[in-house]
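A.B. asks: Dropping a prediction and its sequence here:
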Amino acid sequence: MVTTQDYSIGADGLVHGLHPRPIPQGPATVARILEGCNPDHVALIDATGELTYGELDRYVRAAASGLAAMGLQQGDPIAACCVNHSAMIVAFLASQRLGLVWNGVNRVLADAEKCAQLLDAEARLLLADPTVAEALAARKADLPKLDRILTTGTDATLEWPTLIAGNLGKDAAAAEIDPFAPAALSYTSGTTGLPKGAVHTQHSIMAFINGAIASNRGGIWQAGIRRSVTIALTILNGMTYGPLAALASGGSFVSMDRVDSIGVAEWIARTRIQALCCTPPTIHDFLFKDSLQAMDLSSLAYAMAGGAAGSAELYEPFRARFGSELINEYGMTEAPSGVAGSRCDQLPPDKCVGKPYSHLEIAALDDNAVPLPQGETGEIGIRAIQTGPWAGVFTGMRGYWRQPEETAATFRNGWMCTGDLGFLDLEGNLAIVGRKKEMIIRGGANVYPAEIERVLRLRPEIQDAVVLGIADQRLGEIVGAWLLLNDGVDESPELIKQLTDACAGQLARYKVPARWLIVDNIPRNAMNKPDRKLLRTVPARELVQA
């Protein structure tokens, strides 16, 4: 058993003294994920064509040689900010072969948000789309640790693809990988609204992937299938569900250059994708958008659309068109991905997500992180299963980079506490009923109110602001802002434009509020914090576009 009593939390924010058991099946590290694979089987597909496992191995070795020639050494952080393509996957695998620390930066973030991550991670190298590279090169003075920016993409003349091609046939000496050393930083946000990096190891990444494959759920975890994801691979969740899951199970991964539902459908029809991880809006369009009804999606056998509420209405139409159950899933950045989910051959009970993965134990905890009786609601906690071949294997993240207090608040009494509220039914199905962190899930993307509130409260027009999720049939939730204006501010459509532009300059577009509501007061609790529940009942005037 791995418990918090066995380890300490250092000033670096990381848990020290972990002694998890080895992974009982599958590759123990990302660095070894290509070992023993069929060299002639297709591994990766993107707009440039296909790479077999043998070709991919040559490309990874070449990329590692190029990175080593830059002077990058074990433990050095590197970053990527680009659309999905095979060259980026090669970079990730090469970084893990050398024992580097990967930081995927979401391309849709505002430049200020990108810089905040790169600065915190102290990235030495950035691989980026040409437009991103140009924008961040102008801010390089704010990133003193960043030595180089290389352009990347599907164009073979860009700097990163050129470097790989120029090193084909070479190989850097593979590092002696410590599976429990930091391997990837996955940024999320907390109550402060500032980014924090969840630190994952090669062990934590592969424990999830191998554990999911070993769970015998079939569906998206069936071995040897052709899969894709619509989320960015720079998000570690996308990398795990996508190429790493494919490579660890002998399958193929398709990097799509479009994420709109029509573009995704075209990729499915052209490359015969069998399993897709996406958001409910994509599935909604597959089922109800007129232009997609005649498209050949017959290869698609399984789909997982987790991360948003309101998907229950999709179950029956999905089954009718694709012949399997639409899979739902609950996960978290700190896990590093899925925690519990449903099966392709069985819907979970109403309001439940499904059962935990077989390498995990889940409980609803009281305020002291002590498990509550089954059926009672509490904060969801996760830890390694305590019996069987996977006992003591799971660790999750090692902590939040340089934020020991946040790490200590998450690891309590042997559990990794999620901040979400829920319960387990008598059959062990997990139901999520609320979110301690007030996180909004818009179309599968996590939106944290504090990030937006921080921007809005700096505006001269605004005395105070509270951001809440508003139910939406297609996206699950949209972002709404409740505003208390300063005296004399005109409640006009022009105000919407000013506030929208202000948010768009600092935040990703999906975080910009879609609805603006003006209130005469913001109710507060005894701790002088906004009473978010009561605020929804306060009379409000909605600003609308002209």
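C.D. replies: Received it, and whenever you're ready, just let me know what you need. Residues are numbered from 1 along each chain as shown.
A.B. asks: Spell out which residues sit in contact with the closest residue to M256 other than its chain neighbours, please.
C.D. replies: Once flanking residues are discounted, M256 sits nearest to W267: 4.5 Å by Cβ to Cβ, 6 or more residues apart in numbering. To be clear about C-beta, it is placed using only N, CA and C from the backbone, and glycine gets the same treatment. Taking Cβ atoms under 8 Å, 6 or more residues apart in numbering, we find W267 in contact with 228, 254, 256, 258, 273.
A.B. asks: Among those, which one sits closest to A184?
C.D. replies: A184 lies nearest to S228 out of the contacts of W267, by Cβ to Cβ, at 20.9 Å.
A.B. asks: secondary structure element for the residue nearest to M256?
C.D. replies: Following DSSP states H and E, one finds W267 within helix 261-271.
A.B. asks: ditto for I209
C.D. replies: Using DSSP H and E, I209 maps to helix 202-213.
A.B. asks: packing partners for that helix?
C.D. replies: strand 182-189, helix 245-248 (3 or more Cβ pairs under 8 Å, 6 or more residues apart in numbering; DSSP states H and E).
A.B. asks: Which one, of the ones you listed, ends up nearest to A540?
C.D. replies: Going by Cβ to Cβ, the one of the helices and strands packed on helix 202-213 nearest A540 is strand 182-189, 25.8 Å.
A.B. asks: got the CA coordinates for that closest one in CSV?
C.D. replies: Extracted in CSV, the C-alpha atoms of strand 182-189 (Å, rounded to 0.1, in the frame of the first residue of the first chain):
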residue,chain,number,x,y,z
PRO,A,182,9.5,14.2,-13.5
ALA,A,183,8.7,13.5,-17.2
ALA,A,184,5.8,15.9,-18.1
LEU,A,185,4.2,19.0,-16.8
SER,A,186,0.5,19.3,-17.4
TYR,A,187,-0.9,22.7,-16.5
THR,A,188,-4.2,23.3,-14.8
SER,A,189,-5.5,26.2,-12.8
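A.B. asks: Residue ranges in the stretch 251-400 of the chain under the pLDDT threshold?
C.D. replies: Residues of the stretch 251-400 of the chain that meet the criterion pLDDT under 70 lie in 307-312.
A.B. asks: what does the stretch 51-200 of the chain give?
C.D. replies: Using pLDDT under 70, the flagged stretches of the stretch 51-200 of the chain are 189-194.
A.B. asks: Strands of that one, start to end?
C.D. replies: Assigned by DSSP state E, counting those that start in this stretch, the stretch 51-200 of the chain shows strands spanning 77-81, 101-104, 125-128, 148-151, 182-189, 195-201.
A.B. asks: swap in the stretch 351-500 of the chain?
C.D. replies: 355-356, 360-365, 378-384, 399-400, 411-412, 415-424, 430-435, 440-442, 445-447, 462-472, 476-485.
A.B. asks: So which of those strands is the most surrounded?
C.D. replies: Each of the strands of the stretch 351-500 of the chain was assessed for mean neighbour count using mean count of other Cβ atoms under 10 Å. The highest is strand 399-400, with a mean of 26.
A.B. asks: How far off centre is that strand?
C.D. replies: Relative to the centre of its chain, strand 399-400 is centred 16 Å away, using Cα atoms, centre = their mean, to the nearest Å.
A.B. asks: can you list the residues that contact it?
C.D. replies: Residues contacting strand 399-400 (Cβ under 8 Å, 6+ apart): 9, 12-15, 196-199, 406-407, 410-411.
A.B. asks: Serialize those residues to JSON lines and add fields for distance to L426.
C.D. replies: Listed next are those as JSON lines, based on distance: Cβ to Cβ, whole Å:
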{"residue": "I9", "distance to L426": "36"}
{"residue": "D12", "distance to L426": "42"}
{"residue": "G13", "distance to L426": "38"}
{"residue": "L14", "distance to L426": "38"}
{"residue": "V15", "distance to L426": "33"}
{"residue": "K196", "distance to L426": "36"}
{"residue": "G197", "distance to L426": "38"}
{"residue": "A198", "distance to L426": "32"}
{"residue": "V199", "distance to L426": "36"}
{"residue": "E406", "distance to L426": "34"}
{"residue": "T407", "distance to L426": "34"}
{"residue": "T410", "distance to L426": "28"}
{"residue": "F411", "distance to L426": "29"}
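A.B. asks: can you pull the contacts of L314?
C.D. replies: 280, 283-284, 287, 305, 326 are the contacts of L314 under Cβ under 8 Å, 6+ apart.
A.B. asks: distance of the residue lying closest to V108 once chain neighbours are set aside from V455?
C.D. replies: Nearest non-adjacent residue to V108, counting by Cβ to Cβ, 6+ apart: A508, 4.5 Å away. According to Cβ to Cβ, to the nearest Å, A508 stands 12 Å off from V455.
A.B. asks: Endpoints of stretch 389-405, how far apart?
C.D. replies: 33 Å (Cα to Cα, to the nearest Å).
A.B. asks: roughly how far is that stretch from the heart of the chain?
C.D. replies: Centroid displacement of stretch 389-405 relative to its chain, using Cα atoms, centre = their mean, is 17 Å.
A.B. asks: Also stretch 268-284?
C.D. replies: Using Cα atoms, centre = their mean, the mean C-alpha position of stretch 268-284 is found 18 Å from that of the whole chain.
A.B. asks: and what of stretch 324-344?
C.D. replies: For stretch 324-344, the distance to the chain centre is 12 Å (Cα atoms, centre = their mean).
A.B. asks: Equivalent analysis for stretch 351-363, please.
C.D. replies: 19 Å.
A.B. asks: 22 is where my numbering starts, stick with that
C.D. replies: Let's use 22 as the start, then, which means that last one is stretch 372-384.
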